[in-house]
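Enquirer: Requesting a structural model of the entry that follows:
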Amino acid sequence: MKNAYERFVRPLLFSLDPEAAHHLAIALLRGASHVDIALRPLNFFQPPRKPKAVFGVNFPNPIGLAAGLDKNGVALPAWAALGFGFIEIGTVTAKAQPGNPKPRIFRFPEQQALINSLGFNNDGAEIIAERLRKLRDGGRWPGNCRVGINIGKSKVTPLEEATDDYLSSFRLLREFADYVALNISSPNTPGLRELQRPAALSQLLRAIRDENPGAKPLLVKISPDLLATELEEIIATCEQNNVAGIIATNTTLDHSPIPAGLDQAGGLSGVPLREKSTALVRSIVAKSKIPVIASGGISDAESARKKFDAGAQLLQFYTGFVYRGPRLLREIMESVLQDTK
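Expert: Below you'll find the predicted structure:
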């Protein structure tokens, strides 16, 4: 049965261009984040609490908002009011950048999928750090959920200078993060996935470790398109460098589920990614004790349960939220609690 969001709100949003709908939703949540009375109705969606500690961080529940929905960290109080256990903002780059040419978000309702070629459009680490500082100093920091910050390489930065680029963002943003995620797997920044290779990844991880005296949990977000040998190399590199967690996965370049003639360039997310990302979670858990945050194709309680069954410690979603709305969080949490009774 469709919920109120699916019956009434989604048709209105889907009557707009996808990126225009995204900006409208973020603008409304951003506005609500500054007015307590506007946040109260969002509390209706709050799920029951189910605290969980992972890589030294206490999460009020194991369901989070994936990076990409709130790239610039403008609506943290609103996401917290909705009941997310954690919010991952970003991807943030050292330099502000407009991203790739429009149109760059495409909906596929029949498949409950999106394709995006956004290209890390964001305000840049310095501006976002100042925004987060004002939020914290102004007493509006969301104390009832955790905040992750996802950082990536600026497009204009040559690949051989990627480490310095990530370090610049890390230094500016680490004080606001409960964990920091390194995005080395987006398909929309040329050459970025080269950073998944062992030598490049090891160099990046060592450099950030040296700048991380407080041992802020460091996570790595990986591609769903890895070969088995590539995954094993990444896991080994993460273990050698004391990575706290792996986010599995980013969007995929496998567009085979999209009907011929409708395909677009970019990364595919949503239900068509579900099985591939779940299989990767299962593979990581079989090979390593590094905690996994599962992301990809979570659209209902059953798909969430399969991620947990595969060994994920935490979940996060983006496309599922676009199609199902805020009720999805409560639906999943009620199912999780039922399973543990």
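
Enquirer: any idea of the pLDDT on residue 214?
Expert: According to the prediction, residue 214 has pLDDT 74.

Enquirer: mind checking how far it is from residue 56?
Expert: Applying CB to CB, to the nearest Å, the value for residue 214 to residue 56 is 11 Å. Where you see a C-beta, it was placed from the backbone N, CA and C, and this is true even at glycine.

Enquirer: again, but for residue 247
Expert: Distance from residue 247 to residue 56, by CB to CB: 17 Å.

Enquirer: And residue 128, by the same measure?
Expert: Residue 128 is 24 Å from residue 56, by CB to CB.

Enquirer: out of those two, which sits in the more crowded spot?
Expert: Between residue 128 and residue 56, counting by other CB atoms under 10 Å, residue 128 is the more crowded of the two (26 against 11).

Enquirer: For that one, what is the enclosing helix or strand?
Expert: helix 125-137 (DSSP states H and E).

Enquirer: Now find how far off-centre that helix is within its chain.
Expert: 19 Å (CA atoms, centre = their mean, to the nearest Å).

Enquirer: element containing the closest residue to residue 274 other than its chain neighbours, please.
Expert: Spatial nearest neighbour of residue 274, chain neighbours left out: residue 297 (2.5 Å); criterion: CB to CB, 6 or more residues apart in numbering. Here residue 297, judged by DSSP H and E, is contained in no helix and no strand.

Enquirer: Surely residue 297 and residue 275 touch.
Expert: Yes: contact criterion CB atoms under 8 Å: residue 297 and residue 275 qualify, at 7.3 Å.

Enquirer: Who has more neighbours out of the two?
Expert: Ranked by neighbour count (other CB under 10 Å), residue 297 and residue 275 place residue 297 first, with 27 against 14.

Enquirer: which residues touch the more buried one?
Expert: Residue 297 makes contact with 269, 270, 271, 272, 273, 274, 275, 277, 278, 303, 319, 320 under the criterion CB atoms under 8 Å, 6 or more residues apart in numbering.

Enquirer: Report pLDDT for the first one.
Expert: Put plainly, it is residue 269. Taking residue 269 on its own, its pLDDT is 98.

Enquirer: ok so, going back, which ones among the contacts of residue 297 are found in helices?
Expert: 274, 275, 277, 278, 303, 319, 320 (DSSP state H).

Enquirer: Residue 94: which of those residues is nearest?
Expert: Proximity of the ones in helices among the contacts of residue 297 to residue 94 (CB to CB) peaks at residue 319, which lies at 27.1 Å.

Enquirer: Surely that closest one and residue 112 touch.
Expert: Yes: Residue 319 lies in contact with residue 112 (CB under 8 Å); the separation is 7.3 Å.

Enquirer: Overlap in contacts, the two.
Expert: 270, 271, 299.

Enquirer: got the contact list for the spatially closest residue to the last one that is not a sequence neighbour?
Expert: The reference is to residue 299. Sequence neighbours aside, residue 320 is the residue nearest to residue 299 in space, at 4.2 Å (criterion: CB to CB, 6+ apart). Listed by CB under 8 Å, 6+ apart, the contact partners of residue 320 are 112, 270, 297, 298, 299, 300, 303, 328.

Enquirer: Show me where the stretch 201-341 of the chain has its helices.
Expert: Here the stretch 201-341 of the chain has its helices, by DSSP state H, counting those that start in this stretch, at 228-240, 274-287, 301-309, 319-324, 327-339.

Enquirer: Check the stretch 51-200 of the chain too.
Expert: With helices called from DSSP H, counting those that start in this stretch, the stretch 51-200 of the chain shows them at 76-82, 125-137, 162-173, 198-210.

Enquirer: Excluding its own residues, what touches the last one? List them.
Expert: I take that to be helix 198-210. 159, 162-163, 166-167, 170, 180, 182, 184, 194-195, 218, 220, 233-234, 236-238, 240-243.

Enquirer: and with 10 Å instead?
Expert: Residues outside helix 198-210 that contact it (CB atoms under 10 Å, 6 or more residues apart in numbering) are 151, 153, 159-160, 162-167, 169-171, 174, 180, 182, 184, 194-195, 197, 212, 215-216, 218, 220, 222, 230, 232-234, 236-238, 240-243.

Enquirer: All good on my end, thank you.
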